[in-house]
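give me a model of this one.
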Amino acid sequence: MTDVTITGTGVPLVEPGRVGAGVLVRHGNIALQSDAGRATTLRIAEAGQSIDDLTALFITHRLSDHLTGLQDLLFVRWLQNHDAFVPLPVFAPEGPAIKYLELMMDPWAEDIAIRHSHASREDRPDPDIQAFPAPEGPTVIWSHDGDDGAITVTVTPVHHEPVSPSVAYRVDTPDGSVVISGDTRVCDEVAELSKGANVLVHEIFRTEFIRPFMAVAPHLEHIADCHADSEELGAMAGRVDVPTLMLTHMIPAPINEAEELEMAAEVRANGYNGEIVVARDLTTVSF
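Have a look, this model is predicted:
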C-alpha cells in the first residue's frame, strides 16, 4: 500500500489549522516529502513519520511558503541523531532553490558552533543537496529497487511564472502513482504527467469567486495568473481521467464543510467525475 498524506494545505497567509505546503508519500520504509512549508516538522510527526527515517525531500520551487519549514526539519533530524546522523537528500532544480539550499544554514553558524562545543560533534545539519537540470520534459531523478518492486520519482516543468524553474513530481510505486503539481497554472505538462496515475494532488485558485475583489486588490489578478483556475482544473482532470483529485494550497481555503462541498462542486461541474478530496492538514488517501 502507498499512502499520500497532505502535511500542509496552507498558503503564505496564516490560516488556523493549515500549516505550510507539503506532501508525504510512503511505501514500506520509503518516505518521500515534497516541499516543507511552515511547521512541516510538526505535521510529519503527527502523521506518525519519524524525521530520522525520511528518505528524501523534493522541492517544487523557491518560494517561502514551500520552504520556511525546511531549516527546522533539518535541525530536528540533526539534533536527535548525535551518533548516527545521516544528512537528508534534498532534490531541487538548478537555480534559485539550490542557491537557497547552499546558504540556508549560514545564519545559524554561531548556533551550530555552540552545539559543536557542547555536544562534542563536528558534523552539521546541512542537507545532502541533489541538484538536477531544470527539466524540459518528464525526467526520472530518483529511484529505489525494493524487495517488492521499484519506486521512482519523475520531474517535469510547470508554469508558475515568474517563478522559474518550477516543477511537478510523480512518484511511482509498486501500487500505482501519485502526481504532485506544486504551484502552477493548469498546464499540459501536469496533464501529461498525470496519465495513468491513481492520485493527482493539485493546487487550486477559485478565480470567479475572487474576481469581485480584484478591483480593490489588484494583486489578486497577478496571483490568479500563476495559479490553477478551478474551472480549468476540473476540465483537465476530466480529460486525464485520474481516479482521485486531492485539492490543496487552496485560494481561498474553505472555512467549513459547506465551502468544501462548494469547491468540489465547482471542479466537478467542469468535467471531472472521479473522487474529489478537499484536503485538510493530514488528510490521507491510499492506493
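
which parts of the lowest-mean-pLDDT helix or strand in the chain are buried?
The weakest-scoring helix or strand in the chain, judged by mean pLDDT, DSSP states H and E, is helix 219-225 (a mean of 80). Neighbour counts over helix 219-225 (16 or more other Cβ atoms under 10 Å) mark 220, 223-224 as buried. Every residue, glycine included, has its C-beta placed from N, CA and C.

mind giving me CSV with those and columns for distance to His116?
Shown next, in CSV, are the buried residues of helix 219-225 (distance: Cβ to Cβ, whole Å):
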residue, distance to His116
Leu220, 47
Ile223, 43
Ala224, 48
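
nearest to Val153, of those residues?
Using Cβ to Cβ, the shortest approach to Val153 within those belongs to Ile223, at 28.4 Å.

the closest one reaches Pro252, doesn't it?
No: using Cβ atoms under 8 Å, Ile223 is not in contact with Pro252; the gap is 11.0 Å.

now the strands for the stretch 1-150 of the chain?
2-8, 22-27, 30-34, 56-58, 89-93, 128-132, 139-146, 149-157 (DSSP state E, counting those that start in this stretch).

how about these in JSON lines, adding mean neighbour count?
Output for these, formatted as JSON lines (neighbours: other Cβ atoms under 10 Å):
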{"stretch": "strand 2-8", "mean neighbour count": "25"}
{"stretch": "strand 22-27", "mean neighbour count": "25"}
{"stretch": "strand 30-34", "mean neighbour count": "23"}
{"stretch": "strand 56-58", "mean neighbour count": "24"}
{"stretch": "strand 89-93", "mean neighbour count": "23"}
{"stretch": "strand 128-132", "mean neighbour count": "15"}
{"stretch": "strand 139-146", "mean neighbour count": "14"}
{"stretch": "strand 149-157", "mean neighbour count": "19"}
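
got the ones you listed as JSON lines, with mean pLDDT and distance to Ile210 columns?
Below are the strands of the stretch 1-150 of the chain laid out as JSON lines (pLDDT from 0 to 100; distance: least, Cβ to Cβ, whole Å):
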{"stretch": "strand 2-8", "mean pLDDT": "98", "distance to Ile210": "21"}
{"stretch": "strand 22-27", "mean pLDDT": "98", "distance to Ile210": "24"}
{"stretch": "strand 30-34", "mean pLDDT": "98", "distance to Ile210": "26"}
{"stretch": "strand 56-58", "mean pLDDT": "98", "distance to Ile210": "29"}
{"stretch": "strand 89-93", "mean pLDDT": "98", "distance to Ile210": "29"}
{"stretch": "strand 128-132", "mean pLDDT": "98", "distance to Ile210": "35"}
{"stretch": "strand 139-146", "mean pLDDT": "95", "distance to Ile210": "34"}
{"stretch": "strand 149-157", "mean pLDDT": "97", "distance to Ile210": "26"}
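
select, out of these, the one closest to Arg280.
strand 2-8 (7.6 Å).

partners of the closest one in the sheet?
Strand pairing for strand 2-8, determined by DSSP bridges: strand 22-27 (antiparallel), strand 284-286 (antiparallel).
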